[in-house]
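Engineer: attaching a predicted model along with its sequence, questions to come.
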Amino acid sequence: MMLYDDVVKKARSAKAASRILYKSSTRNKNELLEALIRRLRSETSAILAANKKDLFNAKASGLSKVLTERLSLNEKRIEQITRGVRDIIRLPDPVGKVFEKAKRPNGLLIEKMRVPLGTVGIIYESRPNVTIDAASLCLKAGNSVFLRGGSEAIHTNRKLVDILKLALRDVGLPLGCVEFITTTDRKAVTAMLKQERSLDVIIPRGSQKLISFIRKHSSVPVIAHGEGNCHVYIDRSADLTMAEEVVFNAKVQRPSVCNAAEKLLIQKDIAPRILPRIADRLRSAGVEIRGDRKTILLLKAVVPTKENDWYTEYLDLIIAIKIVKDLGEAIDHINKYGSHHSDAIVTENKEHGERFLREVDSAAVYVNASTRFTDGFEFGMGAEIGISKQKLHARGPMGLVELTSTKFIVHGRGQIKT
């Protein structure tokens, strides 16, 4: 009961603080983020010491290599986090912007204005950088934030939240603008999901198991960060050198993230020429190759794919390859097995490229570029709060604008309804 009461208290604190943030100026919010940057830099050693504790515990508990990599911080990564905050400072504040207006025949002027969502709950795993990314974006968009990180990063997240609260104190904003569940008890998540009176939305980032649990049990609206079973399709007309580079980057550059490629589709006529060279390049980087029957005929030492492979997000140096008849089969395969996150085609045929963009039902679709670009930084949005695959409210990288809602502003001169 004490745990539930603590969650309720913090949710209410965040809600009360959101009303202050709602009225805060862009200047005030940017001053807060400037203070955060100063605090992050002055507290780098303390952050790394806290992270060292988490990494020690992760190793002792047998945490997977993928999750440990996500958990790890160093001076370079902390500097990247501070640069992300700086990017958010530079972004235009969407709050208060009027983006539609219409004059009605009766003289009413009706406008739509961007306003904060209110209080945003973030439930996430492994990555402590999410603590700063999510809080910075929410605060710039005028939202208070209620955080619940994974148990594997508890020491790092506690320290980062302490730093956020110091920055809030530096500029005179309520400490409740950032609240954090300090316990690792999973019952706290269930309690958080029932705070519909205080939380306006919950955004989960993590495994499909976590996201499914939150969707099932939350009485608060959910915008889910989804898994990334991403594809690259090499079309018959593809530039072979370009195709090799795009596939290698999409798979190998950082395999543990959601926008890394997990599947490779190749048009059958070009497969004998391109597949061996791509396979050699991938294997040189330690990638395990799984393939369908046609792939096995062209390559040695291929693990035969099973049906479940086509649905799987590996988050590792593994790729599954399928040789397809044509563009239509590739599109059908992606729409059936993909996660609707990010998918790419490599082609010199403009019509094929346009068809791929039009018919692949994903949040981000590419022609002749790596799927690794699906990211708030790369899209010029600053740090992102997640990649949404939903079609309601937000889809793709969620930046500042996606952390706002709208309200109608109506100007009259005494009009009455008859």
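Structural biologist: Yes, it's here.

Engineer: which other helices and strands does whichever helix or strand residue 289 is part of contact?
Structural biologist: Using DSSP states H and E, residue 289 falls within strand 288-291. If you count contacts as 3 or more Cβ pairs under 8 Å, 6 or more residues apart in numbering; DSSP states H and E, strand 288-291 packs onto helix 271-284, strand 303-304, strand 318-324. C-betas here are computed from N, CA, C, even on glycine.

Engineer: what's the longest helix in the protein?
Structural biologist: Looking across the chain with DSSP state H, the single longest helix is helix 2-22.

Engineer: now do the helices in the protein.
Structural biologist: Counting by DSSP H, the segments of the chain that form helices are 2-22, 26-42, 44-61, 65-71, 75-90, 129-140, 154-171, 187-192, 208-217, 240-252, 271-284, 293-298, 327-337, 350-359.

Engineer: coming back round to it: can you tell which of the helices and strands packed on strand 288-291 is closest to residue 36?
Structural biologist: Closest approach to residue 36 among those is made by strand 318-324 (37.8 Å; Cβ to Cβ).

Engineer: confidence-wise, which helix or strand of this structure is lowest on average?
Structural biologist: helix 65-71 (a mean of 83; mean pLDDT, DSSP states H and E).

Engineer: distance between that helix and the chain's centre?
Structural biologist: Computed by Cα atoms, centre = their mean, to the nearest Å, the separation of helix 65-71 from the middle of its chain amounts to 16 Å.

Engineer: repeat that for stretch 67-85.
Structural biologist: That offset, for stretch 67-85, works out to 15 Å (Cα atoms, centre = their mean).

Engineer: can you check the pLDDT for residue 382?
Structural biologist: On pLDDT, residue 382 comes in at 69.

Engineer: quick one: buried residues of the least confident helix or strand of the chain?
Structural biologist: Of all the residues in helix 65-71, those buried under the rule 16 or more other Cβ atoms under 10 Å are 67, 68, 69, 70, 71.

Engineer: just stretch 9-24 next, same as before
Structural biologist: Residues of stretch 9-24 classed as buried: 10, 11, 12, 13, 14, 15, 17, 18, 21, 24 (neighbour count, 16+ other Cβ under 10 Å).

Engineer: pull the residues that contact it.
Structural biologist: 29, 115-116, 118-119, 121, 139, 142-146, 173-181, 192, 195, 197-199 (Cβ atoms under 8 Å, 6 or more residues apart in numbering).

Engineer: inside strands: which ones of those?
Structural biologist: Of these, the ones assigned to strands by DSSP state E are 115, 116, 119, 121, 144, 145, 146, 178, 179, 180.

Engineer: top of those residues by neighbour count?
Structural biologist: Using other Cβ atoms under 10 Å as the neighbour criterion, residue 144 leads the ones in strands among the contacts of stretch 9-24 with 33 neighbours.

Engineer: re earlier: the strand holding residue 289 - what's its average pLDDT?
Structural biologist: Mean predicted confidence for strand 288-291 is 98.

Engineer: ok, that strand: who's next to it in the sheet?
Structural biologist: Strand pairing for strand 288-291, determined by DSSP bridges: strand 303-304 (parallel), strand 318-324 (parallel).

Engineer: ok, back up a step: what's the farthest-apart pair in the ones in strands among the contacts of stretch 9-24?
Structural biologist: 115 and 180 (24.9 Å).

Engineer: which residues touch residue 144?
Structural biologist: Applying Cβ under 8 Å, 6+ apart to residue 144 gives the contacts 14-15, 17-18, 21, 118-120, 138, 176-179.

Engineer: can we see that at 7 Å?
Structural biologist: 14, 17, 18, 21, 119, 176, 177 (Cβ atoms under 7 Å, 6 or more residues apart in numbering).

Engineer: what of residue 57?
Structural biologist: Residue 57 neighbours (Cβ under 7 Å, 6+ apart): none.

Engineer: rebuild the buried residues of stretch 9-24 as JSON lines, extending it with distance to residue 276.
Structural biologist: Output for these, formatted as JSON lines (distance: Cβ to Cβ, whole Å):
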{"residue": "10", "distance to residue 276": "57"}
{"residue": "11", "distance to residue 276": "57"}
{"residue": "12", "distance to residue 276": "62"}
{"residue": "13", "distance to residue 276": "60"}
{"residue": "14", "distance to residue 276": "56"}
{"residue": "15", "distance to residue 276": "59"}
{"residue": "17", "distance to residue 276": "59"}
{"residue": "18", "distance to residue 276": "57"}
{"residue": "21", "distance to residue 276": "57"}
{"residue": "24", "distance to residue 276": "59"}
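
Engineer: of these, which is the nearest to residue 126?
Structural biologist: Nearest member of the buried residues of stretch 9-24 to residue 126, counting by Cβ to Cβ, is residue 10, at 22.1 Å.

Engineer: was I right to think residue 335 contacts residue 356?
Structural biologist: No: shown here, residue 335 and residue 356 do not form a contact pair, counting by Cβ atoms under 7 Å, at 11.2 Å.
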